[in-house]
Structures are given as structure tokens and as C-alpha cells.
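> return a 3D structure for these sequence lines:
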Amino acid sequence: MATLSEAKESFTRAYGCKGRFVRSRKDVAHAVNLAYRDLTPRTIAGLKRIDKGQKEQIRKAKELLADELMDWLLSAEAPANQEEFDRAHDALCSRFLDRYNEVLAACGLPEQAYGKAQKIVNMALKYLYCFDDGAEIDGWLRFGHLPIDTLTLRWCRESGMFTGGVSWGRLTKREYDAFQRELRAWLARAKPTVDGAPLPERLIDAETVIWDYEKRLEGKN
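Numbers count the residues shown, from 1 in each chain. This next block holds a predicted model:
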């Protein structure tokens, strides 16, 4: 298993985070664009057929999310507790999802669930965490959420956190909030390991190790 430092460095190299800065508007927009790709828009039937004007509206929704992230991370004080972080995080997710679904509705495309919004926000934060000055947002990330995707869900299931099937892209806000609460409680109670090594306590660090481990397993199969 890779150490946290090794897993983070591997992710940083793979996704071009080195030489980028949280204080750069251009670089934050880059992080949001990468995170939008993680939202898997390719799975939304009909999205490729939307017109130029609708594509521009999606671009503007991403730009607004980048602006809001910068305002939150650079113009405001770090959250004092989990509740403060959760409120701000939900506001980012909900505003983006409202804008995105408004465009989809105008195109006659299906509404997307909260699980898609958490993916773009959480992954944007992960990319920023890997930027050269990512330590500047440690005060926010101490309360950060675990980005939920297929790999992290597989690890959680195989480690005994839950049984059955969960689709990250279909999570409602209520289901997402419950998952994050239950995850924190389970990690504190079960103290699971990855390949025999204890997980870091901070969720963004834990996810970095888990994702790297699961990705390496995929490469072996």
C-alpha cells in the first residue's frame, strides 16, 4: 500500500495539480472542470446533443461554482465546526445542482440527483488539496467530506461498513448526509485499515489512500 504522501503525489502527478494554486482563479476553474468530468456527464443520455447556448449555460454554472469556491476558501474564515462546513458545502452543491438541472430541464433531459453535485464539489476540493498551496485550505478540509464514487463505495462495502448496493450518482441529499455521518461514526468505531495500515483520520486523507489502493487493485485485475 502507498503511504498518504505517496498516494497524494501519485494523484497530483496523474491529474496535473503540480504548479497550480488555490489563489489562482484560472487554476480553480481548472479544478472544477476536472471535477465536472468526474461527475460523469457522459452517462446523461442526450447531453451530447445540446446546442451551443445550452453548453454555454453549463460552462457558466461551472464558472459560478469556481467563483463561489474561491469566495468561500479565500474570503471567509475557516469553518469553526462540522455543522458550519456542512451548511456551506450543501449551499455549493445545491446551487450548482439547481443551475445544472435548469439547463437539463430546458433540453428535456432527466434531472440529476444530489449525488452528482457532491461529486463535483468534493472532487474540486480534492484537486485544490493537491495544489502547491493546498495547505492553505487545511482549516476547511479538517471538516471535509469523503468524495463518494464507485471505488470508495467498493472499499466501504468490502470493509464492512454496509451491505447491498449504493449508486453514488443517485444519492438524495438525505441519503448523502446520512452516509457521511455513518461513515464518520463507523471509522471512529471500527478503525479499519488499508492493507494492514491504519487510515489517516481526516477524510480527505483517508479517501486519498483508499482511492489509490482501489485503483492499484484495478490495475492488477
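
> so where is the protein shaky, pLDDT-wise?
220-221 (pLDDT under 70).

> which elements pack onto the longest helix anywhere in it?
Counting residues, the longest helix in the chain under DSSP state H turns out to be helix 82-106. Packed against helix 82-106 by the contact rule (3 or more C-beta pairs under 8 Å, 6 or more residues apart in numbering; DSSP states H and E) you find helix 52-74, helix 114-129, helix 173-190. No exception for glycine: its C-beta is placed from N, CA and C like everyone else's.

> any idea which of those helices is most buried?
Most buried of the helices and strands packed on helix 82-106, by mean neighbour count (mean count of other C-beta atoms under 10 Å): helix 114-129, with a mean of 25.

> give me the distance between stretch 38-55 and the centre of its chain.
On the basis of C-alpha atoms, centre = their mean, to the nearest Å, stretch 38-55 sits 20 Å off its chain's mean C-alpha point.

> stretch 43-58 too?
That offset, for stretch 43-58, works out to 22 Å (C-alpha atoms, centre = their mean).

> contacts for that stretch?
Stretch 43-58 is touched from outside by 41-42, 99-100, 102-104, 106-110, 112, 169, with contacts defined as C-beta atoms under 8 Å, 6 or more residues apart in numbering.

> among those residues, who's most crowded?
Using other C-beta atoms under 10 Å as the neighbour criterion, residue 100 leads those with 24 neighbours.

> apart from its chain neighbours, what residue comes closest to the residue nearest the centre of the chain?
Residue closest to the average C-alpha location in the chain (C-alpha atoms, centre = their mean): residue 122, at 2.1 Å. Nearest non-adjacent residue to residue 122, counting by C-beta to C-beta, 6 or more residues apart in numbering: residue 147, 3.7 Å away.

> next: residue 163.
residue 157 (6.9 Å).

> right, and that neighbour touches residue 150 too?
No: look at residue 157 against residue 150 with C-beta atoms under 8 Å: they stay out of range, at 10.5 Å.

> if I look at residue 115, how far off is residue 201?
In this view, residue 115 and residue 201 are 25 Å apart by C-beta to C-beta, to the nearest Å.

> re the thing from before, helix/strand/coil for the residue nearest to residue 122?
coil (DSSP: H, G, I helix; E, B strand; the rest coil).

> that older thread, how far off centre is the longest helix of the chain?
Put simply, helix 82-106 sits 13 Å off its chain's centre (C-alpha atoms, centre = their mean).
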